[in-house]
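J.: below are the sequence and a predicted model; questions follow.
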Amino acid sequence: MIDLGHIQYCLRIHIKRDRLNHTTYMHQPKYIEIKLQMFKLEMNKVVATPFEVGLKLAKAMSPQIGSKKEHMKKVPYQSVVGSLMYYMICIRLDIAYLVGIVS
């Protein structure tokens, strides 16, 4: 048995410990990249807040014509929501509200 020091990576999860502030950060950047590529959503823009406060989703907000509508027909919505649920449960509890809204 060998002491490899503090854990930094386990089960595809990157782990970073900040002993001064007594915090632990966990993230899975590769998982997100793989899922974005799988669902062909890698070109979507990144926002600081995962969901705008007070926003109500409606069918009228979905693309109605053109290439965006054709693109969305190819996205397996249930699989996307399932992947978000996995990520929410394992790593990012802060997206629980968003996942609840879209599911």
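T.: Thanks, I have it.
J.: any regions of the protein where pLDDT drops low?
T.: Low-confidence segments of the chain, defined by pLDDT under 70: 49-50.
J.: can you give me the helices for it?
T.: Along the chain, the segments classed as helices by DSSP state H run 29-38, 67-73, 77-90, 96-102.
J.: between these, which one is nearest to residue 54?
T.: Ranking these by proximity to residue 54 (Cβ to Cβ) places helix 96-102 first, at 11.4 Å. Where C-beta positions appear, they are placed from N, C-alpha and C, glycine not excepted.
J.: what helices or strands is that closest one leaning on?
T.: When contacts are defined as 3 or more Cβ pairs under 8 Å, 6 or more residues apart in numbering; DSSP states H and E, helix 96-102 sits against helix 77-90.
J.: the helix it packs on to helix 29-38, inter-axis angle?
T.: Helix 77-90 and helix 29-38 are oriented at 170 degrees to each other (axes from the mean of the first three to the mean of the last three Cα atoms, to 10 degrees).
J.: and for helix 77-90, what's in contact with it?
T.: Outside helix 77-90, the residues that touch it by Cβ atoms under 8 Å, 6 or more residues apart in numbering are 13, 28, 31-32, 35, 39, 41, 95-96, 98-99, 102-103.
J.: with mean neighbour count and distance to residue 58 added, can I get the helices of the chain in JSON lines?
T.: Formatted as JSON lines, the helices of the chain follow (neighbours: other Cβ atoms under 10 Å; distance: least, Cβ to Cβ, whole Å):
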{"stretch": "helix 29-38", "mean neighbour count": "13", "distance to residue 58": "25"}
{"stretch": "helix 67-73", "mean neighbour count": "10", "distance to residue 58": "15"}
{"stretch": "helix 77-90", "mean neighbour count": "14", "distance to residue 58": "15"}
{"stretch": "helix 96-102", "mean neighbour count": "14", "distance to residue 58": "12"}
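J.: for residue 48, find the nearest of those.
T.: Closest to residue 48 of those, according to Cβ to Cβ: helix 96-102, at 13.2 Å.
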